[in-house]
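# Let's see this in three dimensions:
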Amino acid sequence: SERHPEQAVHSYSQFCENYRRFAKTLKRSMRQTHRAGEKLFIDYAGPTVALSDGSRAHIFVGALGASGYTFAHATARETTADWLGATAQALRFYGGCTELIVPDNPKAMIASPDRYEPRANDTVLDFARHYGTSVLPARPRHPQDKAKAESAVQVVERWILMRLRHQKFATVDDVNEAIEPLLDRLNSKLFQKLPGSRASAFRELDAPALQPLPAQPYEVATFKTVRVHIDYHVEFDGHRYSVPN
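Numbers count the residues shown, from 1 in each chain. Here you go, the predicted structure:
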């Protein structure tokens with residue numbers, strides 16, 4: 001322009017294109033805050049632990065949203081029963097249950113892997129009803145939904161699995177026995193930029209806000225849609241059961 005000759009003049013389309021290029025350079029992330037007792041994030045670590053029989057132990061990781069208090073547990077595989085069994089162990093470790101449990105959209109727990117609203121399978125929903133909680137799978141391609149779990153997995157891999165890499169284990173139980181003292185050290189380690197530790201933050205924040213656990217532990221239930229035969233029986237897992245007339 002005449003008043004500002006040093007400034008370039010852009011058309012609206014040029015401005016939009018330049019702004020799009022600028023927006024791509026921005027780090028589009030938002031700090032996630034979590035209420036005490038609100039969420040338990042769960043996932044499996046990538047590395048596994050070798051066993052003497054040639055199989056490998058898989059490492060389940062849990063972390064509470066407010067305090068980051070971390071749990072780790074070895075399982076034989078990553079089936080639905082393994083996921084739920086390890087989650088039950090985590091709740092027992094914490095001494096209570098959160099309002100929500102957030103898994104990283106694993107096939108073993110998801111009935112509908114919708115990118116906007118994934119749905120947990122019937123066995124997982126039964127588990128949630130037993131503990132009086134809800135399961136809210138992380139959405140695909142939404143890293144903010146699972147940042148706490150990913151951070152806990154990295155910490156477990158560096159602080160626990162790295163220390164186990166030269167040890168020999170015969171069973172999954174042996175791995176869990178070795179994990180226990182390392183987990184205590186991890187949670188007691190002081191934060192670098194904040195006062196206290198995961199353990200002290202857990203005692204102050206999450207522990208008082210957790211819901212009580214049910215009197216009985218969860219028993220895995222399998223749900224299947226079957227057709228009633230003409231003799232008023234249904235078949236499930238190789239067995240026949242009668243149904244009401």
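
# Buried residues in the longest helix belonging to the chain, which are they?
As assigned by DSSP state H, the longest helix anywhere in the chain is helix 172-188. Buried residues in helix 172-188, counted by 16 or more other Cβ atoms under 10 Å: Val172, Asp174, Val175, Asn176, Ala178, Ile179, Leu182, Leu183, Leu186, Asn187. For every residue, glycine as well, the C-beta is placed using N, CA and C.

# which one among those residues gets closest to Glu219?
Of all those, Glu219 sits closest to Val172, with 19.8 Å by Cβ to Cβ.

# Distance from the longest strand along the chain to the middle of the chain?
For the chain, the longest strand by residue count, based on DSSP state E, is strand 56-64. When distances are taken as Cα atoms, centre = their mean, to the nearest Å, strand 56-64 is centred 9 Å away from the chain's centroid.

# Next secondary structure after it?
Going down the chain from strand 56-64, the next helix or strand is strand 70-75, by DSSP states H and E.

# Distance from that following strand to the middle of the chain?
11 Å.

# Just want the angle from it to strand 56-64.
Inter-element angle recorded for strand 70-75 and strand 56-64: 160 degrees (by axes from the mean of the first three to the mean of the last three Cα atoms, to 10 degrees).

# what packs against strand 70-75?
strand 56-64, helix 80-94, helix 147-156, helix 172-188 (3 or more Cβ pairs under 8 Å, 6 or more residues apart in numbering; DSSP states H and E).

# need those in JSON lines with mean pLDDT, can you?
Formatted as JSON lines, the helices and strands packed on strand 70-75 follow (pLDDT from 0 to 100):
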{"stretch": "strand 56-64", "mean pLDDT": "97"}
{"stretch": "helix 80-94", "mean pLDDT": "94"}
{"stretch": "helix 147-156", "mean pLDDT": "88"}
{"stretch": "helix 172-188", "mean pLDDT": "97"}
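
# which one of the ones you listed lies closest to Pro244?
Nearest to Pro244 among the helices and strands packed on strand 70-75 is helix 80-94; the distance by Cβ to Cβ comes to 29.0 Å.

# Output the contacting helices and strands for that closest one.
strand 39-44, strand 56-64, strand 70-75, helix 122-131.
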